[in-house]
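> Okay, here's the prediction I keep looking at, along with the sequence it came from:
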Amino acid sequence: MSGMGGRPRTPWHLWLVGVVALLWNGLGCLDYTMTQLQGDAWLANMDPTELQMAYFHAMPAWTDAAWAIAVWGGLLGGILLLVRRKWALHAFAASILGWAAGAVYTFALSNGMEAMGGWWPMLVVKGVICVFFVWYASIMGKRGVLR
C-alpha cells in the first residue's frame, strides 16, 4: 500500500529493525567510548584474563579506527533507517567494513581467537548482524521505502 505521494508506507518491521539497530550499535558505541575514556578501568569490569588484557593492549591503532567505524557507522545507519534515508545502506556498509577489518586482525593477524577463549563466536554473530542490517537497508531501498 502506498503512502502520500505514491511512496510505499513504512512497514512495521522497519521501526523494529531501526530500533534494534539503534540499541545494538548504541551499546557498541557505549563500549567503544568507555574503553577510550576509561581504558583498563572499564575493561576491568568485564573481568578479563591477563591474555585478554595483553591482546587488547597490543592492538594497533587501525583496529581502534575500524572499531569506531563499525559501531558509529551502525548507529548512524539505524538513525538513517528510522528517518527512511537511502544513506542507511552506506552507513551499514561502512559498519560491516569496520567489522571485517577487526575480524581480519582477530582471526588472521593476531592471537585473538586464543585470547578471546570461548567468546570468539560472538565476533561472528556481530558480523552476521552487520550483514543483516546491510541486507535489510538494501531491500528497503529497492522497495522504495527509503528515499
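The structure has been received and is ready for your questions.
> going forward, measure contacts and count neighbours with C-alpha atoms only.
Will do.
> any idea how far residue 97 is from residue 144?
Look at residue 144 and residue 97: by C-alpha to C-alpha, to the nearest Å, they are 25 Å apart.
> Pick out whichever of the two has more residues nearby.
residue 97 (19 against 16; other C-alpha atoms under 10 Å).
> Isn't that one up against residue 70?
Yes: with contacts counted by C-alpha atoms under 8 Å, residue 97 reaches residue 70, the gap being 7.0 Å.
> Could you list the low-pLDDT ranges of this structure?
Counting by pLDDT under 70, the ranges of the chain that qualify are 1-6.
> can you point me to the longest helix in it?
Across the chain, the longest stretch assigned as helix under DSSP state H is helix 12-38.
> in the following helix or strand past that one, what counts as buried?
Along the chain past helix 12-38, the next helix or strand (assigned with DSSP states H and E) turns out to be helix 40-44. If you call a residue buried by 16 or more other C-alpha atoms under 10 Å, then helix 40-44 has these buried ones: residue 43.
> Pull out the buried residues from the following helix or strand past helix 40-44.
Note on helix 40-44: by DSSP H and E, the next helix or strand toward the C-terminus is helix 50-58. Buried residues in helix 50-58, defined by neighbour count with 16+ other C-alpha under 10 Å: 52, 55-56.
> Now do the following helix or strand past helix 50-58: which elements does it pack against?
Scanning the chain past helix 50-58 towards its C-terminal end, the next helix or strand to appear is helix 61-82 (assignment: DSSP H and E). For helix 61-82, the contact count by 3 or more C-alpha pairs under 8 Å, 6 or more residues apart in numbering; DSSP states H and E identifies helix 12-38, helix 87-104 as packing neighbours.
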